[in-house]
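Asker: Sequence first, predicted model second:
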Amino acid sequence: GAGVSQSPRYKVAKRGQDVALRCDPISGHVSLFWYQQALGQGPEFLTYFQNEAQLDKSGLPSDRFFAERPEGSVSTLKIQRTQQEDSAVYLCASSLAEGPATYNEQFFGPGTRLTVL
Amino acid sequence: AQSVSQHNHHVILSEAASLELGCNYSYGGTVNLFWYVQYPGQHLQLLLKYFSGDPLVKGIKGFEAEFIKSKFSFNLRKPSVQWSDTAEYFCAVNAVDSNYQLIWGAGTKLIIKP
């Protein structure tokens, strides 16, 4: 299929471990978003890329969170020294939007469920 | 700060019942409004959206929503639900001058009894 894919689907980490979550957006989609969804809550914005440029990282909860999209397609969200409060589903979405002035539908991946023990 | 509230976290209905899920947002400017649905084991997918024009918008699977600007509301409705509508429903708002950010409600889990 041509949808957004994420890997791994499930990740269990011991507290203090580093994790890397991958997102493959829909081919040709310019914009890419990361969200964090805690249990029983709606998604919360983490960061936004337009091509390889990270235009907004205001939602990243701490400096332990880092995201990159070096070639403007695949993106990786890295969490260093994981804590129990990082346990959540991490969603990736992409859209065709070519500029921030136009809102385009965001297409979501299946998410990565991170559990920190 | 902008926020979105969904009034019910859980709703249980019988098949053929009518559905209305509430969504209110706090933002005084121009907004784009969305309802997303997540069926069990599946991705979030767009159900319907409002950008401008007719405040009554129709989406997939017989769903519709009405934007009432004076009430800051965007309630989702369906006249007769089916068992296959069992899912979690999320309301989301994009403040136009914030461009791309979506602010989400906490979701409503809808269970339809066959």
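Answerer: Happy to help now that I have it.

Asker: what is the residue in chain B positioned nearest to chain A paired to in the beta sheet?
Answerer: Closest residue of chain B to chain A, C-beta to the nearest C-beta: B:Trp104 (3.2 Å). All C-beta atoms are positioned from the backbone trio N, CA, C, and that covers glycine. On the basis of DSSP bridges, B:Trp104 is bridged to B:Ala92.

Asker: go on, B:Cys23?
Answerer: B:Gln6.

Asker: got a list of what it touches?
Answerer: B:Val4, B:Ser5, B:Gln6, B:His7, B:Leu33, B:Trp35, B:Ser73, B:Phe74, B:Asn75, B:Leu76, B:Cys91, B:Gly105 (C-beta atoms under 8 Å, 6 or more residues apart in numbering or on different chains).

Asker: now do 10 Å
Answerer: B:Cys23 makes contact with B:4-7, B:33-35, B:65, B:67, B:72-76, B:89-93, B:105, B:108, according to C-beta atoms under 10 Å, 6 or more residues apart in numbering or on different chains.

Asker: likewise A:Thr112?
Answerer: Contacts of A:Thr112 (C-beta under 10 Å, 6+ apart): A:6-11, A:19, A:21-23, A:77, A:88-92.

Asker: can you tell me which of those residues are in strands?
Answerer: The members of those that map onto strands under DSSP state E are A:6-7, A:10-11, A:19, A:21-23, A:77, A:88-92.

Asker: And the strands in chain A, which stretches?
Answerer: Going by DSSP E, chain A shows strands at A:5-7, A:10-13, A:19-24, A:31-37, A:44-50, A:53-56, A:65-68, A:75-79, A:88-95, A:107-108, A:112-116.

Asker: before we move on, back to that, out of the ones in strands among the contacts of A:Thr112, which is nearest to chain B?
Answerer: The closest of those, once distances to chain B are taken by C-beta to the nearest C-beta, is A:Leu91, at 7.1 Å.

Asker: list the contacts for that closest one?
Answerer: A:4, A:6, A:23, A:33-37, A:43-44, A:46, A:106, A:108-112, B:43-44.

Asker: how far away is the residue nearest the centre of chain B from A:Gly109?
Answerer: Compute the mean C-alpha point of chain B, and by C-alpha atoms, centre = their mean the closest residue is B:Trp35, 3.5 Å away. Per C-beta to C-beta, to the nearest Å, B:Trp35 is found 19 Å from A:Gly109.

Asker: A:Ala38 now?
Answerer: From A:Ala38 to A:Gly109 the distance is 17 Å (C-beta to C-beta).
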